[in-house]
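S.K.: Give me a model of this one.
(one chain, ligands or ions: 2)
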Amino acid sequence: MEALDYHAEERRKAEFDVEEMKIVWAGSRQAYEISDRVARLVASDPVFRKDNRTMLSRKDLFKDTLRKAAHAWKRIIELRLSEEEASKLRFFVDQPVFTDLHWGMFIPAIKGQGNEEQQQKWLPMAYKMQIIGCYAQTELGHGSNVQGLETTATFDPETDEFVIHSPTLTSSKWWPGGLGKVSTHALIYARLITDGQDHGVHGFIVQLRSLDDHLPLPGITVGDIGMKFGSGAYNSMDNGVLRFDHVRILRDQMLMGVSQVTREGKFMQSDVPRQLVYGTMVYVRQKIVADASCALSRAVCIATRYSVVRRQFGSHNGGPETQVIDYKTQQSRLFPLLASAYAFRFVGEWLKWLYTDVTQRLQASDFSTLPEVHACTAGLKSVTTSATADAIEECRKLCGGHGYLSSSGLPELFAVYVPACTYEGDNVVLLLQVARFLMKTVSQLGSGKKPVGTIAYMGRSEHLLQCRCEVERAEDWLKPNVILEAFEARAARMSVTCAKNLNNFANQEEGFAQLATDLAEAAVAHVQLIIVSKFIEKLQQDIPGKGVKRQLEILFNVYALSLLHKHLGDFVASGCITPKQGALANEQLRLLYSQVHFDNPSLLLYMVLLLERLLQSTSF
Ligand SMILES: CCCCCCCC/C=C\CCCCCCCCCCC/C=C/C(=O)SCCNC(=O)CCNC(=O)[C@H](O)C(C)(C)COP(=O)(O)OP(=O)(O)OC[C@H]1O[C@@H](n2cnc3c(N)ncnc32)[C@H](O)[C@@H]1OP(=O)(O)O
Ligand SMILES: Cc1cc2nc3c(=O)[nH]c(=O)nc-3n(C[C@H](O)[C@H](O)[C@H](O)COP(=O)(O)OP(=O)(O)OC[C@H]3O[C@@H](n4cnc5c(N)ncnc54)[C@H](O)[C@@H]3O)c2cc1C
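M.R.: Ligands and ions are numbered 1, 2, ... in the order given. Here you go, the predicted model:
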């Protein structure tokens, strides 16, 4: 049989409504229709071809990216695409590009941190792309430690200007995407100094290049930082270096939504938390979580198609050999990744809602949910990107030697995706932010302040610290409330244990440093609980379509029980479940794998089929 026949054979046996499943994946019928239409638009346009990307020199790749960006912009204007359609188009073009930083960080930073007048001045030019901006925060010396940035913005009351300066080599801006070759402007982060006093890090809009001849303006040294990991991949982006030699900008180029400097040089803090200066990072982290399921689904799609077609061993009487997807080991490596794609999809949808909610609250001066939103975006960004990067590499191995070929699509997918574990906050550093939030929550438990939202379960910690799981048979693990309680008990117990151990240190900061590994693990447990609970909430919604809900229930159980199996040590050590119950969970997981493949042989392929259009790379 030909490869296509194998696929057709598997698809023929579908037992659920594929059209409805597509809508579940997209989030709504309208979102599905937009995605489908824009995917066709990109696939049928030769300018957007990408089969030669890994063979191009850096220079040609960069030219190709400029051509695609210009063509995309032309099509967006000609077809009057909405914001949603334009961002879908960017997604299907599937190439890191300077416009990501312009639309994804420069504009949101002005919207989030600029005052009314600043928004009116800068946004119309940015929306028309008459100016192109990047987000220049990280320096050679400091990325994670934002408070450690060294670039200075010193107010000169004589001229009503700020003097932007790079006082040391380590203060050179280093990494910003779009900076190296393209941007005309940058949103830079620098230490604000007025009257000799340092007021910490704030955002400033600085013009870098002439709008006439694109040459750097006086006092600006700017360039590209060079080749990055992999061929093609992130090399389409002009990550750059930037130095300032006493560059003067007008006072109103400091973003003044969070704090202000008056004409007299007086520093004034608005009535809003200073953390709003970090708001753009929260916005992008939320977007990165939404994107994780897309990258993961591409990898899973490639590995699944390969696993169906590939045959090794087991031929009887000259018959066909065994499809590798039939091997239990292949299933136990692949199916949890498929389930994770759905889990990340649903938690991404929820995070988008949470972000919209906090934005509305902030507009009404309600800052109460900001710490939780910071913890959720940081934690989910960390857990979903780490899992996705690992999963892409696992998918490469699932395709044997063929996975190592560029033509499989997997090496480039990995090389493009893996920096997501570092940018927008190193994943470990972000987990430690979640841990701080959890420790604060635990320390306030006795104070009468009721934890709400994603930490509401901590309010039941008295019960969770002593509850015992009631599972007696493998099928008991199929009950969502049993799974949820096990995840809650594990998360609560790990956090409470860390909090107790912190008390053994005279100095909290020293304790935090010594217990950082345990704290990061407690943060992972908390974030995995959020993902599990949002999957359950999704299943409680009305999901139309024959058999669709049933398939999602199977995937939910695969996701949760595979995590339980992987982190069995945590679950058993926290005392909620016994080793025997852990073994029953594993038994159930094995049965689920068989169910995915044998009771419903088409399930897997159909789900993957939905994602096929996302897959523009050459595959098998
Ligand atoms: C093809 C062409 C198409 C054409 C056009 C199409 C149109 C397209 C449309 C759309 C496209 C959009 C695409 C978007 C996609 C974007 C792609 C992005 C690419 C990625 C590029 C990468 C960029 C970057 O990496 S930017 C740099 C990021 N840097 C970091 O993340 C640094 C990490 N470090 C930190 O965040 C912090 O410094 C820290 C939190 C780790 C340290 O904080 P700490 O030491 O505690 O410091 P402090 O400042 O004192 O904080 C204390 C308290 O503040 C709380 N807190 C910290 N952070 C936050 C926060 N963000 N929000 C709220 N609260 C915060 C912290 O918890 C402490 O609280 P406490 O209560 O006092 O304990
Ligand atoms: C492809 C790419 C694109 C980027 N785009 C941009 C951009 O457009 N604009 C921009 O401003 N920046 C950008 N960055 C920079 C990025 O945000 C930083 O690299 C990131 O925040 C990590 O900071 P760092 O490089 O200083 O890492 P470091 O902080 O030096 O991390 C090194 C190691 O130290 C560990 N570590 C650091 N601090 C702690 C701690 N407190 N506790 C425990 N461990 C710790 C980390 O876990 C890591 O293992 C980009 C980076 C990449 C790779």
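S.K.: residue contacts, the residue in the stretch 1-150 of the chain that ligand 2 sits nearest to?
M.R.: The minimum distance from the stretch 1-150 of the chain to ligand 2, using CB to the nearest ligand atom, falls at residue 143 (2.3 Å). For glycine as for every other residue, the C-beta is placed from the backbone atoms N, C-alpha and C. Going by CB atoms under 8 Å, 6 or more residues apart in numbering, residue 143 touches 175, 426.
S.K.: Equivalent analysis for residue 199, please.
M.R.: Contacts of residue 199 by CB under 8 Å, 6+ apart are 191-193, 259, 267.
S.K.: Could you check this structure and say which of its helices or strands has the lowest average pLDDT?
M.R.: helix 601-612 (a mean of 50; mean pLDDT, DSSP states H and E).
S.K.: picking up where we left off before, could you rank the contacts of residue 199 by neighbour count and give me the top one?
M.R.: residue 192 (22 neighbours; other CB atoms under 10 Å).
S.K.: residues contacting that one?
M.R.: Counting by CB under 8 Å, 6+ apart, the residues that residue 192 touches are 153, 155, 198-202, 254, 259, 261, 267.
S.K.: Just to check, residue 330 is in contact with residue 324?
M.R.: Yes: using CB atoms under 8 Å, residue 330 is in contact with residue 324, at 5.2 Å.
S.K.: Next, show the common contact partners of the two.
M.R.: With CB under 8 Å, 6+ apart as the test, residue 330 and residue 324 both reach residue 307.
S.K.: Out of the contacts of residue 199, flag the one nearest to residue 284.
M.R.: Using CB to CB, residue 259 comes nearest to residue 284 of the contacts of residue 199, at 21.8 Å.
S.K.: Nearest residue to that closest one in space, please, no chain neighbours.
M.R.: Distances taken as CB to CB, 6 or more residues apart in numbering place residue 269 nearest to residue 259, at 5.0 Å, with adjacent residues excluded.
S.K.: rewinding a little: so of the contacts of residue 192, which ones are in strands?
M.R.: 153, 155, 198-202, 259, 261, 267 (DSSP state E).
S.K.: just to revisit the earlier point, so which strand or helix has the residue of the stretch 1-150 of the chain closest to ligand 2?
M.R.: Using DSSP states H and E, residue 143 is not contained in any helix or strand.
S.K.: List phi and psi for it.
M.R.: For residue 143, the backbone dihedrals are phi -120, psi -60 (criterion: degrees, to the nearest 10).
S.K.: Then residue 222?
M.R.: According to degrees, to the nearest 10, residue 222 has phi -140, psi 150.
S.K.: beta partners for it?
M.R.: residue 242 (DSSP bridges).
S.K.: OK, contacts around it?
M.R.: Residue 222 neighbours (CB under 8 Å, 6+ apart): 179-180, 208-209, 216, 240-243.
S.K.: With distance to ligand 1, pLDDT and neighbour count added, can I get those in JSON lines?
M.R.: What follows is these, written out as JSON lines (distance: CB to the nearest ligand atom, whole Å; pLDDT from 0 to 100; neighbours: other CB atoms under 10 Å):
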{"residue": "179", "distance to ligand 1": "11", "pLDDT": "98", "neighbour count": "29"}
{"residue": "180", "distance to ligand 1": "13", "pLDDT": "98", "neighbour count": "22"}
{"residue": "208", "distance to ligand 1": "17", "pLDDT": "98", "neighbour count": "25"}
{"residue": "209", "distance to ligand 1": "20", "pLDDT": "98", "neighbour count": "20"}
{"residue": "216", "distance to ligand 1": "22", "pLDDT": "98", "neighbour count": "13"}
{"residue": "240", "distance to ligand 1": "12", "pLDDT": "98", "neighbour count": "25"}
{"residue": "241", "distance to ligand 1": "15", "pLDDT": "98", "neighbour count": "20"}
{"residue": "242", "distance to ligand 1": "14", "pLDDT": "98", "neighbour count": "26"}
{"residue": "243", "distance to ligand 1": "18", "pLDDT": "98", "neighbour count": "19"}
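S.K.: Would you mind listing what in the stretch 301-450 of the chain touches ligand 2?
M.R.: Proximity of the stretch 301-450 of the chain to ligand 2, by CB under 6 Å from any ligand atom, involves residues 419, 422-423, 425-426, 428-429, 432.
S.K.: cool, and the stretch 451-600 of the chain?
M.R.: Close to ligand 2, as judged by CB under 6 Å from any ligand atom, the stretch 451-600 of the chain has residues residue 516.
S.K.: Could you list the low-pLDDT ranges of the stretch 451-600 of the chain?
M.R.: Applying pLDDT under 70 to the stretch 451-600 of the chain picks out residues 597-600.
S.K.: would you list every one of the helices in it?
M.R.: 461-466, 480-502, 508-514, 516-540, 548-566, 568-573, 579-594 (DSSP state H, counting those that start in this stretch).
S.K.: is it true that residue 178 lies in a helix?
M.R.: No: secondary structure of residue 178 (DSSP: H, G, I helix; E, B strand; the rest coil): coil, not part of a helix.
S.K.: From ligand 1, how far out is the closest residue to residue 98 other than its chain neighbours?
M.R.: Residue nearest to residue 98 in three dimensions, not counting chain neighbours: residue 178, with 3.5 Å by CB to CB, 6+ apart. Per CB to the nearest ligand atom, to the nearest Å, residue 178 is found 9 Å from ligand 1.
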